[in-house]
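Student: Compute the structure for the input listed below.
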Amino acid sequence: QLQFVESGGGSVEPGGSLRLSCAVSGFSLDRQGIGWFRQAPGKEREGISCISSSGSTDYTDAVKGRFRISRDNAKNTVYLQMNSLKPEDTGTYSCAAVAGACSGYVDVPGTRGQGTRVTVSS
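Tutor: Down below sits the predicted model:
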């Protein structure tokens with residue numbers, strides 16, 4: 001059974017850091033790309049970072065240089081280290097399996113987790 005469980009969200013001040021976790025069950029991370037997505041209040045959901053089955057990574061311009069995606073194959077968990085957080089990073093962050101090219105940020109139907117909330121404000 002496929003399951004994606006996110007954790008690590010919270011409230012931080014601008015400039016702060018958080019590390020999100022995405023615990024995956026149902027398949028091995030070295031066989032499937034995993035993407036992080038976020039949905040800001042009043043906006044559409046967007047892909048922001050992805051790690052492919054081979055371990056290559058991708059970041060959108062909005063987070064490049066501030067966020068870092070990684071994975072622990074032994075724990076079957078993908079992480080998103082978020083540094084230098086800005087108020088515009090506020091939103092619900094979720095992970096999902098990615099179909100096709102990692103950077104396409106097309107999630108496989110039925111693999112999206114419930115999400116974890118991130119709030120950046122002073």
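
Student: partners of the helix or strand of the chain with the lowest mean pLDDT in the sheet?
Tutor: Every helix and strand in the chain was compared by mean pLDDT, DSSP states H and E; the lowest is strand 106-107, with a mean of 90. Next to strand 106-107 in the sheet, as set by DSSP bridges, lie strand 91-99 (antiparallel).

Student: Can you mark which positions in the strand it pairs with are buried?
Tutor: 91, 92, 93, 94, 95, 96, 97, 98, 99 (16 or more other C-beta atoms under 10 Å). C-beta here means a position set from N, CA and C on the backbone, and glycine is covered the same way.

Student: Contact partners for the most centrally placed residue in the chain?
Tutor: Centrality entry for the chain: nearest residue to the mean C-alpha point is residue 36, 2.4 Å, by C-alpha atoms, centre = their mean. Going by C-beta atoms under 8 Å, 6 or more residues apart in numbering, residue 36 touches 20, 22, 47, 48, 49, 50, 69, 78, 80, 93, 94, 95.

Student: May I ask which of those residues has the most neighbours?
Tutor: Highest neighbour count within these, by other C-beta atoms under 10 Å: residue 95, with 30 neighbours.

Student: returning to that earlier point: need the contacts of residue 36 in TSV (columns: distance to residue 2 and secondary structure).
Tutor: TSV is the format used below for these (distance: C-beta to C-beta, whole Å; DSSP: H, G, I helix; E, B strand; the rest coil):
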residue	distance to residue 2	secondary structure
20	19	strand
22	12	strand
47	19	strand
48	21	strand
49	20	strand
50	17	strand
69	20	strand
78	14	strand
80	19	strand
93	19	strand
94	14	strand
95	12	strand
